[in-house]
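> no sequence on this one, just coordinates:
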């Protein structure tokens, strides 16, 4: 059991390099895990009250690659680095996270890593995915972070 735990810990620390491009207020990133290409889109949403960004990532391939756990954990580690970069660079009022990922285990890892980023930068977490969907965000939204309650309430009142 110790060998598996060590393997997963090491795999989770292995982030890939992300190549970022900025267009207006939006950020676009690409990274590779093995032969698989992944894309990140961080786009500002139409909102008059606050800077609300949506962070989406997806695999740009039809090839299945999550059969090998080290790749799956490498994706989680890379997304953690991307979240940290975006929050420290943009300093959004609200950031919602969306992923086309059928794995509930990975979704929980994304939530955990986002919570760490939220604490690091003194943000709060939006834990309810139902609440996010009710507010008009995409079905793939998993969680969100926000600066303070007033900003969140002002933004939610617009929907």
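Happy to help now that I have it. Given the structure is predicted, the values throughout are model-derived calculations rather than measurements.

> gap between residue 41 and residue 82?
To residue 82, residue 41 is 11 Å away according to CB to CB, to the nearest Å. (Each C-beta comes from the backbone N, C-alpha and C, glycine too.)

> shared neighbours, these two?
Common neighbours of residue 41 and residue 82 are listed as 55, 57 (criterion: CB atoms under 8 Å, 6 or more residues apart in numbering).

> Looking at the two, which has the bigger crowd around it?
Using other CB atoms under 10 Å as the criterion, residue 41 and residue 82 rank with residue 82 on top: 24 against 15.

> Can you give me the end-to-end span of stretch 91-104?
28 Å (CA to CA, to the nearest Å).

> likewise stretch 27-39?
Length of stretch 27-39, first residue to last, CA to CA: 11 Å.

> And the pLDDT for residue 126?
The model reports residue 126 with a pLDDT of 76.

> swap in residue 20?
Turning to residue 20, the model gives it a pLDDT of 97.

> Please identify which helix or strand holds it.
Using DSSP states H and E, residue 20 falls within strand 19-23.

> helices or strands up against that strand?
Other elements packing on strand 19-23 under the criterion 3 or more CB pairs under 8 Å, 6 or more residues apart in numbering; DSSP states H and E are strand 26-33.

> List the buried residues of the strand it packs on.
Buried residues in strand 26-33, counted by 16 or more other CB atoms under 10 Å: 27, 29, 31, 33.

> From the contact counts, what lies against that strand?
If you count contacts as 3+ CB pairs under 8 Å, 6+ apart, strand 26-33 packs onto strand 19-23, strand 36-44, helix 69-90.

> All set now, cheers.
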